[in-house]
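Enquirer: take a look and give me a structure for this.
(chains A and B)
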Amino acid sequence: MFDEGRRRKERGQDVVIVATQRDVTPDVAEIVSGIEVIPLVDGAIDLVALFRRHPEVCLIDELANDNPPGSRNRQRWQDLQELLDRGISVITAVNLQHIREQQDAVEHVTGKRAPQSVPEEFLKEADEIEVVDAPPEILLDRTGNSRIPDARQLAELRELALLLAADVVDSQLQTYLDSHGVAARWGAQERILVCLTPHSNAAEMLRSGYRNALRFHGALLAACVEQENLRPKDREKLEQHLARARELGAEVHCLKGADFVETLLDFAREQRITQLFLGHTGSEQRFAFQRSPVDRLIEAAEDFDLRLFPHQGDQ
Amino acid sequence: MSEPQLKIYLGYAAGVGKTYRMLEEAQAMRQKGADIVIGYFEPHGRKETIAKTEGLELIPRRVAAYGGTNFEEMDTEAILRRKPAVALVDEFAHTNVPGSKNLKRWQDVQELLAAGIDVLTTMNVQHLESLNDQVWHVTGVRVRETVPDWVVDEAAEIVLVDLTPRALRNRIERGVVYAPEKAKRAMENFFAEANLGALREMAMRHTAHEVEERLAVPEPARASTRHERILICLTSRPSSANLIRRGKRVADYLQADCLALHVCIPSERDPETVERHLSFARNLRIQTHTMKAEDIPRAITEFARAEKVTQIFMGRGLPRPVWKRFSESVVQQVVRLARDMQITIVAERRR
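Expert: Purely as a prediction, here's the structure:
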């Protein structure tokens, strides 16, 4: 972060430093010594001084800090919001453990929970986000032997941070595509749609969908196409399937449409689906000139893989 | 002595700073007294990067003549003779000039590793074989230089080198990455903001995947989870390459076995193409089989049953004229015959 500040200053931007960590490494100290500092007052950003000075760019470390009691804002990220509102750019840094929506996952890995936090929304609204990635060995070197973190825990945190960044990048990419009128395309993330009917082997399909979504870090969706005149027994089965899908964390949709295949295809395109899961056709003999929904989907499915599942008892 | 280690600096485009990060680490290692050399370095005329090589021993490149032009390549033999503890090798996905001992630089790197030399190297996510179709679909660019996934999977460490697309585009505009006339073209094509965003997301997700693989988390122990075996059905159609990559990618992610089968009818028109697809599959470490049969759907289904396959991967086949739709295609027949198996019909991603 400070290196970027240094490079921006060299390119002629008006850069000031507002907050650093208490102990900085010698290379950071060297950069800090070459840039104007607007010091903290009692550990809080001096907003009044900054508004008066009105630099182009502020470097502010430790985004998740709490302000002392009696400050204008309770938390530092709220101060940043005010700077941004006044047209001052901010470069800041934050660790995964301080992102509010990630704290349960982090606690699950480390057994600890940081007291301060920043809402994930604040990250998503940033103009730019950059991952600072390093394998655990480097971190171990830098922190010295005072407390040796568990390499496995670090790797798990690293994975969470990368996935969070990927999600932020994905949502920013969507915003960009939408605002530029570019149609959504087959993207960087796997999106799996499980299509459920009363006779689907829902347990197997959802299990497989869940596992695929988990392994690919993709999204899991489940949908049914509403049919009128469904027998009460079948409706009940379908409801059970959908409930199971919700339990697994799938995003569940009930689609309305006259034609099963068209309805499903429209939804799959709109949702940028990459894999569609469907049961094999029912076993009754069909006439040669009748194309089953599966046949029609095979012919129409251009942008996604179609995976067919055996019905219960057929396997 | 521990195994020689490969470390890959992974980026999503030229200019994100992979080489710079690699050199930074090399300098830190040198200061700690490591015996480290630069085996191959591509300066691209970038001043800050070139400055970072100061004090590092450089193994001169070898000159290879081809078609009346001289090309410079990494001198693998010279590095092996010098035998440092660590070698830096830029541009892992590079294809060597014809006539070189190895076709690809990653194969040269394998030789260095086999000789006990640790290697630091750089590559972009779009050079991963399994992502080739996805990258083409997103960017419209068919990347020719690829590295098989197993080579990357065997690396000890993958580090993501990240930069925001805006910062990257600024660097390109300032002429840091390319010469001006090339920069303008690059910005309109591959380096369009949406392309960069998608590639960057792929690099992040892939690094997360590699980190997870190295954690070696055992699959959630669940008695009902069958061991998956994936069968890829090859034909002479060009889309078979896409099918192989897709099937292999799913198999890798699910930690499943992966097999490929080609059933040839006596009148096979294009045996060379089929052989090329089979050899491509073998390169990706897929076990391949061929058999002769008149009834292709039946042969596929029977093979799958005998091999205890849990999932069949097939291409969609050519779009069929309306008058032919009364008869069943091969895919439709397999779907009917193998109702007890999972069948995946792979999309032919088009742009």
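Enquirer: below-threshold pLDDT in the stretch 251-351 of chain B: ranges please.
Expert: B:318-327, B:349-351 (pLDDT under 70).
Enquirer: for it, what spans make up the strands?
Expert: Assignment of strands within the stretch 251-351 of chain B using DSSP state E, counting those that start in this stretch yields the ranges B:257-264, B:287-292, B:311-315, B:342-346.
Enquirer: check chain A too.
Expert: Secondary structure of chain A, counting by DSSP state E: strands at A:15-19, A:57-60, A:89-92, A:191-195, A:219-225, A:251-255, A:275-279, A:305-309.
Enquirer: looking at these, which is closest to A:Glu120?
Expert: Closest approach to A:Glu120 among these (C-beta to C-beta): strand A:89-92, 14.7 Å. Placement of C-beta: from N, CA and C, glycine included.
Enquirer: next, the buried residues of the closest one.
Expert: If you call a residue buried by 16 or more other C-beta atoms under 10 Å in any protein chain shown, then strand A:89-92 has these buried ones: A:Val90, A:Ile91, A:Thr92.
Enquirer: next one: stretch B:166-183
Expert: Buried-residue list, stretch B:166-183, by 16+ other C-beta under 10 Å: B:Ala167, B:Leu168, B:Arg169, B:Arg171, B:Ile172, B:Val176, B:Val177, B:Tyr178, B:Ala183.
Enquirer: same question, stretch B:52-61
Expert: Buried residues in stretch B:52-61 (16+ other C-beta under 10 Å): B:Lys52, B:Thr53, B:Leu56, B:Ile59.
Enquirer: is the spatially closest residue to the third one that is not a sequence neighbour in a helix, a strand, or coil?
Expert: Right, B:Leu56. Distances taken as C-beta to C-beta, 6 or more residues apart in numbering or on different chains place B:Ile38 nearest to B:Leu56, at 5.3 Å, with adjacent residues excluded. Per DSSP: H, G, I helix; E, B strand; the rest coil, the local secondary structure of B:Ile38 is strand.
Enquirer: the one 5 residues further on too?
Expert: In the three-state summary, B:Pro43 is assigned as coil, counting by three-state DSSP.
Enquirer: so it sits against B:Lys52, correct?
Expert: No: B:Pro43 is beyond contact range of B:Lys52, at 10.3 Å (criterion: C-beta atoms under 8 Å).
Enquirer: pLDDT-wise, which helix or strand of chain B ranks last?
Expert: helix B:180-188 (a mean of 74; mean pLDDT, DSSP states H and E).
Enquirer: for it, which outside residues touch it?
Expert: B:Arg169, B:Ile172, B:Glu173, B:Gly175, B:Val177, B:Tyr178 (C-beta atoms under 8 Å, 6 or more residues apart in numbering or on different chains).
Enquirer: list the buried residues in stretch B:66-79.
Expert: Quick answer for stretch B:66-79 (16+ other C-beta under 10 Å): B:Phe71, B:Glu73, B:Met74, B:Asp75, B:Thr76, B:Ile79.
Enquirer: pull the contacting residues for B:Val135.
Expert: By C-beta under 8 Å, 6+ apart, the neighbours of B:Val135 are B:Val125, B:Gln126, B:Val141, B:Val143, B:Leu199, B:Met202.
Enquirer: now a ChimeraX select for only the buried ones of those residues.
Expert: A single ChimeraX command is used to select the members of the contacts of B:Val135 judged buried by 16+ other C-beta under 10 Å:
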select /B:125,126,143,199,202
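Enquirer: can you tell me which of the contacts of B:Val135 is nearest A:Phe260?
Expert: B:Met202 (33.4 Å).
Enquirer: and the gap between the closest one and A:Lys124?
Expert: Applying C-beta to C-beta, to the nearest Å, the value for B:Met202 to A:Lys124 is 19 Å.
Enquirer: my read: B:Arg205 touches A:Asp170, true?
Expert: No: applying C-beta under 8 Å, one finds B:Arg205 not in contact with A:Asp170, separated by 9.1 Å.
Enquirer: so the two - more neighbours on which side?
Expert: B:Arg205 (25 against 20; other C-beta atoms under 10 Å in any protein chain shown).
Enquirer: low-confidence stretches in chain A?
Expert: A:137-149, A:181-188, A:282-291, A:312-315.
Enquirer: centroid-nearest residue for it?
Expert: By C-alpha atoms, centre = their mean, chain A has its centre lying nearest to A:Asp167, at 2.7 Å.
Enquirer: so which of the buried residues of stretch B:66-79 belong to helices?
Expert: Those of the buried residues of stretch B:66-79 mapping onto helices are B:Thr76, B:Ile79, per DSSP state H.
Enquirer: now the buried residues of stretch B:66-79 as JSON lines including pLDDT?
Expert: JSON lines is the format used below for the buried residues of stretch B:66-79 (pLDDT from 0 to 100):
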{"residue": "B:Phe71", "pLDDT": "91"}
{"residue": "B:Glu73", "pLDDT": "95"}
{"residue": "B:Met74", "pLDDT": "97"}
{"residue": "B:Asp75", "pLDDT": "97"}
{"residue": "B:Thr76", "pLDDT": "97"}
{"residue": "B:Ile79", "pLDDT": "97"}
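Enquirer: what is the nearest of the buried residues of stretch B:66-79 to B:Glu210?
Expert: Using C-beta to C-beta, these come closest to B:Glu210 at B:Met74, 24.6 Å.
Enquirer: now the closest one: how far from chain A?
Expert: From B:Met74 over to chain A the distance is 25 Å, taken as C-beta to the nearest C-beta, to the nearest Å.
Enquirer: and that residue, what does it touch?
Expert: Neighbours of B:Met74 in contact, by C-beta under 8 Å, 6+ apart: B:Gly39, B:Tyr40, B:Ile59, B:Arg61, B:Arg62, B:Val89, B:Arg105, B:Asp108.
Enquirer: all helices of the stretch 151-300 of chain B, in order?
Expert: B:165-173, B:180-188, B:193-215, B:240-254, B:271-283, B:296-306 (DSSP state H, counting those that start in this stretch).
Enquirer: contacts for the last one, please.
Expert: Under the contact criterion C-beta under 8 Å, 6+ apart, helix B:296-306 has outside partners B:231, B:233, B:261, B:263, B:265, B:289, B:291, B:293, B:309, B:312, B:330, B:333-334, B:337-338, B:341.
Enquirer: are any of these buried, and which?
Expert: Using 16+ other C-beta under 10 Å, the buried ones in the contacts of helix B:296-306 are B:Leu231, B:Cys233, B:Leu261, B:Val263, B:Val309, B:Ile312, B:Val330, B:Gln333, B:Val334, B:Leu337, B:Ala338, B:Met341.
Enquirer: how many residues are close by A:Ser33?
Expert: 8.
Enquirer: nope, B:Leu259 is what I meant
Expert: 22.
Enquirer: check contacts around it.
Expert: B:Leu259 touches B:Arg229, B:Ile230, B:Leu231, B:Ile232, B:Ile286, B:Gln287, B:Thr288, B:His289, B:Glu307, B:Val309, counting by C-beta under 8 Å, 6+ apart.
Enquirer: what does B:Gly317 give?
Expert: So B:Gly317 contacts B:Arg237, B:Ser329, B:Val330, B:Val331 (C-beta under 8 Å, 6+ apart).
Enquirer: next: B:Val86.
Expert: B:Ala26, B:Met29, B:Ala34, B:Asp35, B:Ile36, B:Val37, B:Ile117, B:Asp118, B:Val119, B:Leu120.
Enquirer: quick check, nearest of the residues you listed to chain A?
Expert: B:Met29 (11.0 Å; C-beta to the nearest C-beta).
Enquirer: re the thing from before, can you list the contacts of B:Val86 in CSV and add distance to A:Arg86, secondary structure and pLDDT?
Expert: As requested, these are exported to CSV (distance: C-beta to C-beta, whole Å; DSSP: H, G, I helix; E, B strand; the rest coil; pLDDT from 0 to 100):
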residue, distance to A:Arg86, secondary structure, pLDDT
B:Ala26, 43, helix, 95
B:Met29, 45, helix, 93
B:Ala34, 49, coil, 93
B:Asp35, 54, coil, 96
B:Ile36, 48, strand, 97
B:Val37, 52, strand, 97
B:Ile117, 55, coil, 96
B:Asp118, 50, strand, 95
B:Val119, 50, strand, 97
B:Leu120, 44, strand, 97
